[in-house]
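**Q** any chance you could fold what I've pasted below:
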Amino acid sequence: MLACLFSHPSNVLVLDEPTNDLDMETLDLLADLLAEYNGTVIAVSHDRAFLDSFATGIFAIEEGGNVFEATGGYTDYENNRKIREKEAANAARIAEERANSQRSGASANLQSTQNAQISQNPVKKKKRSYNEEREYAALPDKIEKLEAEIAGFQAELAKPEVYTDAKRIVELQKEIADRESELEKAYERYEELDLLGG
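**A** Next up, the predicted model:
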């Protein structure tokens, strides 16, 4: 069947190890001719540089008999393979970490259940002190004020007249960064105090 197909005119070349026993000059000539060939070339070769010189796609037979299709020459395929191997290794590492954390979480739950059964004296939950209570009550206003200041600085930064004033841009960006840092700390503190309860 294949012989019958090859007996008809077509624009397909099938080459099996075409670089064997070629000198460098002939090898370069063959690579140039294949690169200019107006048709499809199917080549099987161990010569990676030769494949890089004209290939626009690679079908690679990988471990386990899997066939992988890559766009570009052999170097492109190799780069893609390395990326896939790194991604697979990362995915395996993440899966192992999750499994370990689930195992340690299950053992921690078992331990805490045992500790709860053993413990006869319940631990009192810590409450907010008077000063912490005042701080907790004041934090929502502080957070709102910081958010308003950030919005004001961002609005000023968006004004067209500020675009030409590099010094003012730097000042505004610093003010915004400072307020955002304060805001983050305020949110964290609010959460800490909220967990303590009243």
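**Q** switch to C-alpha atoms for all contacts and neighbour counts from now on
**A** OK.
**Q** distance check, A60 against D32.
**A** To D32, A60 is 23 Å away according to C-alpha to C-alpha, to the nearest Å.
**Q** for the residue nearest the centre of the chain, give me the pLDDT.
**A** The chain has E87 as the residue nearest its centroid, 9.2 Å off, counting by C-alpha atoms, centre = their mean. pLDDT, E87: 81.
**Q** how near is it to R81?
**A** Per C-alpha to C-alpha, E87 is found 10 Å from R81.
**Q** just to check, T75 is in contact with F54?
**A** No. Between T75 and F54 there is no contact under C-alpha atoms under 8 Å: 11.8 Å.
**Q** buried ones in stretch 27-36?
**A** Buried residues in stretch 27-36, defined by neighbour count with 16 or more other C-alpha atoms under 10 Å: 27, 30-31, 34.
**Q** that older thread, comparing T75 and F54, which residue is more hemmed in?
**A** Ranked by neighbour count (other C-alpha atoms under 10 Å), T75 and F54 place F54 first, with 20 against 14.
**Q** doesn't L30 make contact with the more buried one?
**A** No. Applying C-alpha under 8 Å, one finds F54 not in contact with L30, separated by 9.8 Å.
**Q** re earlier: residue contacts, the residue nearest to the centre of the chain?
**A** E87 sits next to no residue when contact means C-alpha atoms under 8 Å, 6 or more residues apart in numbering.
**Q** by contact count, what packs against the host helix or strand of A60?
**A** Here A60, judged by DSSP states H and E, is contained in strand 57-61. Applying 3 or more C-alpha pairs under 8 Å, 6 or more residues apart in numbering; DSSP states H and E, one finds that strand 57-61 contacts strand 67-71.
**Q** can you list the neighbours in contact with the strand it packs on?
**A** Residues outside strand 67-71 that contact it (C-alpha under 8 Å, 6+ apart): 56-62, 76-77, 80.
**Q** the same query, at a cut-off of 10 Å, please.
**A** Identification of contacts with strand 67-71 by C-alpha atoms under 10 Å, 6 or more residues apart in numbering yields 55-62, 76-78, 80-81.
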